[in-house]
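Student: fold the stuff below for me.
(chains A and B)
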Number of protein chains: 2
Amino acid sequence: MKALEIRPRVQECLDEFIQEQRPLLNKVSASLDPLADFAHEFLSGGKRLRAAFCYWGYIGAGGKDSNELICASTALELLQACALVHDDVMDASDTRRGKPSIHKRFETMHQESKWLGDKKQFGGGGAILLGDLLLSWADEMLMNSGLPAHDLFRGKKIYDLMRTELMAGQYLDIFEQARGGGSIENALNVIRYKSAKYTIERPLHLGGVLATDNKQILQTYTDYGLPLGEAFQLRDDVLGVFGDPSETGKPAGDDLREGKRTVLIEMTYQKANDAQKSELNKHFGKDLDDQGVATLREVVTATGALSEVETMISNLLNQSQQALTEANVTAQAKEAFSELALAATSRRV
Amino acid sequence: MKALEIRPRVQECLDEFIQEQRPLLNKVSASLDPLADFAHEFLSGGKRLRAAFCYWGYIGAGGKDSNELICASTALELLQACALVHDDVMDASDTRRGKPSIHKRFETMHQESKWLGDKKQFGGGGAILLGDLLLSWADEMLMNSGLPAHDLFRGKKIYDLMRTELMAGQYLDIFEQARGGGSIENALNVIRYKSAKYTIERPLHLGGVLATDNKQILQTYTDYGLPLGEAFQLRDDVLGVFGDPSETGKPAGDDLREGKRTVLIEMTYQKANDAQKSELNKHFGKDLDDQGVATLREVVTATGALSEVETMISNLLNQSQQALTEANVTAQAKEAFSELALAATSRRV
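Tutor: Numbers count the residues shown, from 1 in each chain, chains lettered A, B, ... in the order given. Below you'll find the predicted structure:
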């Protein structure tokens, strides 16, 4: 896929950045190797959706390809890595992309080294600090990307807003989960901030304003990016319930076990009859076995919630595609945006 | 104290910043008020040492006072707030400055609202996210301070290095604690990065390079700031063992209970005879009562570790003072630096 052909260049930018940080960490102490090692491993692979949306947002607004642009876009992958590392600590998720999550790695290191104190506390501490490093490195990479200073200052304002929205959306997510959700509207609001804006709309905006001071580009990218971003998260939520662990990299039914108040779940609650509600209350947010997961999947399907969410996804994708057809962006970028829409919302992760 | 007269202006800058963030958070959801409220409360008060060192570092290098300078300096208080919020999560410390720590506040909110799930997990999650917000807001404030762009780009490089050193130092701290320390040298290395550079040397450097591109200022500030920073942390460690809770805002003996491998403790271990070692092993890093704290205090004093650390503090202060005498900085700044040295290392917090 042409739109994602930037991936090796993104990886190269990350590799070089970590290589530059290593001696700084090593100067502090040789014991800091795990920070660089874990960061480097964690930053290897992935779709690079956020970097790609930023990159093509720049090209779509009339900007030219450069390694400086790649590095500015790659900053978003560092931000995303922070979000994932901290998210796993907050959710106490021990797995990420089929491998141990970062706090689990620090925990294992503690255990294998027979260190003092509580291994979980050490694991959480290591992961919080590594996430903080990644968050710090993200704006370091953006501002040192080498793009012109006045463009970077313009871009930084979008970047700042995006970070605040991300943290706000993440908080709203744990808040809705804690208070037991209650409405489809709230669940849609969570995914708008936690995911749709953060994954697609704001990266497009960042690329756009790095390329031009014509503010029209912001509306263009919102029209295309926001519905696409919502479709992206709705797809992700469906995969969280029905996805194959070998593809999602997460144990089956993890979202159900955690009690995540997704749109799919709110819809299911709203449509459930009494018998289905009782099944939901019995299993949802509980420590489920495979049978429990299967039961909940049946309820989600039988209520019609699944097909309704699939319809929402289709409608949002149509809306996004329509906006793209009318958008005033370069032809090359239009093609890339079509490809990215597919990459973000296909049934496989 | 004249050097700390900037404090109301620092507070004003923080107040204004939070006021600007509120509508952004509110646009996401009205449920986000606690994020702004907790941040605002947490950012009220304190010595503002880091902002002051940055401010006077700028003045000392020949720069002029301005509100833009105040805001650039105040960014360090946001960074520090992140460090404290995350530190309390990592240490599971429920108290900060005599009040509930941030994760404890979120935990209490969860409990009082009778929400679902584990209150501790919610508390930790809220605090991780609030810390991430504070970390994000810190460089937002620095880069939006209004100082000239080319000065800010020069300053950002120091700021980036400072953040990396801070996270590295924090990790080294939990690492040394986990592996049970072992040497005074390692403990000194921890305080150099976690504290001396981060609290004093780097803020001075940041102020210095924001004011001038003459690199000589870096060495001048290292000569004055690094020994002062080490003295600052050694004083803090002494207060961690012997301090009055009404002054430190921390329960008596908290550092002893946590098993913090400070220079004072490493020194005590090194000097202890067999009987004293057995007392240390029995009490240090354990869930202590007042009697246990008193016993450990006696050991720290009886071994001579306390007086040796006090001597170290004096020597470092002399070294710093000597460097200041010879330093090529403005007379007004010299006076401020003398005052700040006192503020940072006096026996009262």
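
Student: show me what from the stretch 201-349 of chain A comes close to chain B.
Tutor: Contact residues, the stretch 201-349 of chain A versus chain B (Cβ under 8 Å from any Cβ of the partner chain): A:259, A:285. Just so you know, the C-beta spots here come from the backbone N, C-alpha and C atoms, and that holds for glycine as well.

Student: show me which residues of the worst-scoring helix or strand of chain A on mean pLDDT are buried.
Tutor: Least confident helix or strand of chain A, by mean pLDDT, DSSP states H and E, is helix A:245-248 with a mean of 77. If you call a residue buried by 16 or more other Cβ atoms under 10 Å in any protein chain shown, then helix A:245-248 has these buried ones: A:Thr248.

Student: I'd assumed A:Ala211 was in contact with A:Gly62.
Tutor: Yes. Counting by Cβ atoms under 8 Å, A:Gly62 touches A:Ala211, with 6.0 Å between them.

Student: which of those two has more residues huddled nearby?
Tutor: A:Ala211 (22 against 14; other Cβ atoms under 10 Å in any protein chain shown).

Student: ok, now which ones touch A:Leu134?
Tutor: Contacts for A:Leu134 were tallied using Cβ atoms under 8 Å, 6 or more residues apart in numbering or on different chains; they are A:39, A:78-79, A:81-82, A:85.

Student: measure it to A:Leu43 for me?
Tutor: To A:Leu43, A:Leu134 is 8 Å away according to Cβ to Cβ, to the nearest Å.

Student: any residues in contact with both of those two?
Tutor: A:78, A:81.

Student: what's the helix or strand for the nearest residue to A:His103 once chain neighbours are set aside?
Tutor: Excluding the flanking residues, the one nearest A:His103 by Cβ to Cβ, 6 or more residues apart in numbering or on different chains is A:Ala127, at 3.6 Å. For A:Ala127, the element it lies in under DSSP states H and E is helix A:119-143.

Student: check which residues of the next helix-or-strand element following that helix are buried.
Tutor: Helices and strands here follow DSSP H and E; after helix A:119-143, the next one along the chain is helix A:149-178. The neighbour-count check on helix A:149-178 (16+ other Cβ under 10 Å) flags A:151-156, A:158-178 as buried.

Student: then stretch A:301-313?
Tutor: Applying 16+ other Cβ under 10 Å to stretch A:301-313 flags A:302-303, A:305-306, A:308-309, A:312-313 as buried.

Student: picking that back up, what's near enough to touch the residue nearest to A:His103?
Tutor: A:85-86, A:88-89, A:101-103, A:106.

Student: again with A:Asp223
Tutor: Counting by Cβ under 8 Å, 6+ apart, A:Asp223 touches A:320, A:323, A:326-327.

Student: would you state the helices of the stretch 201-349 of chain A in chain order?
Tutor: Using DSSP state H, counting those that start in this stretch, the helices of the stretch 201-349 of chain A run over A:202-211, A:216-242, A:245-248, A:254-258, A:263-271, A:274-283, A:290-302, A:305-326, A:331-345.

Student: pick the most buried one from the ones you listed.
Tutor: helix A:202-211 (a mean of 28; mean count of other Cβ atoms under 10 Å in any protein chain shown).

Student: and the angle from it to helix A:119-143?
Tutor: 30 degrees (axes from the mean of the first three to the mean of the last three Cα atoms, to 10 degrees).

Student: contacts only, for A:Lys47.
Tutor: A:4, A:343.

Student: do you know how far it is from A:Ala75?
Tutor: 16 Å.

Student: next one: A:Glu266
Tutor: From A:Glu266 over to A:Ala75 the distance is 34 Å, taken as Cβ to Cβ.

Student: same thing with A:Asp244?
Tutor: Applying Cβ to Cβ, the value for A:Asp244 to A:Ala75 is 32 Å.

Student: those two: which has the busier surroundings?
Tutor: A count of neighbours by other Cβ under 10 Å puts A:Ala75 above the other of A:Asp244 and A:Ala75, at 27 against 10.

Student: so the more buried one sits in a helix?
Tutor: Yes. A:Ala75 sits within a helix when classified using DSSP: H, G, I helix; E, B strand; the rest coil.

Student: how about it, what does it touch?
Tutor: Here A:Ala75 is in contact with A:138-139, A:141-142, A:145, A:159 (Cβ under 8 Å, 6+ apart).

Student: please repeat the previous calculation with a cut-off of 7 Å.
Tutor: Neighbouring residues of A:Ala75 by Cβ atoms under 7 Å, 6 or more residues apart in numbering or on different chains: A:138-139, A:141-142.

Student: since that was my last question, I'll sign off now.
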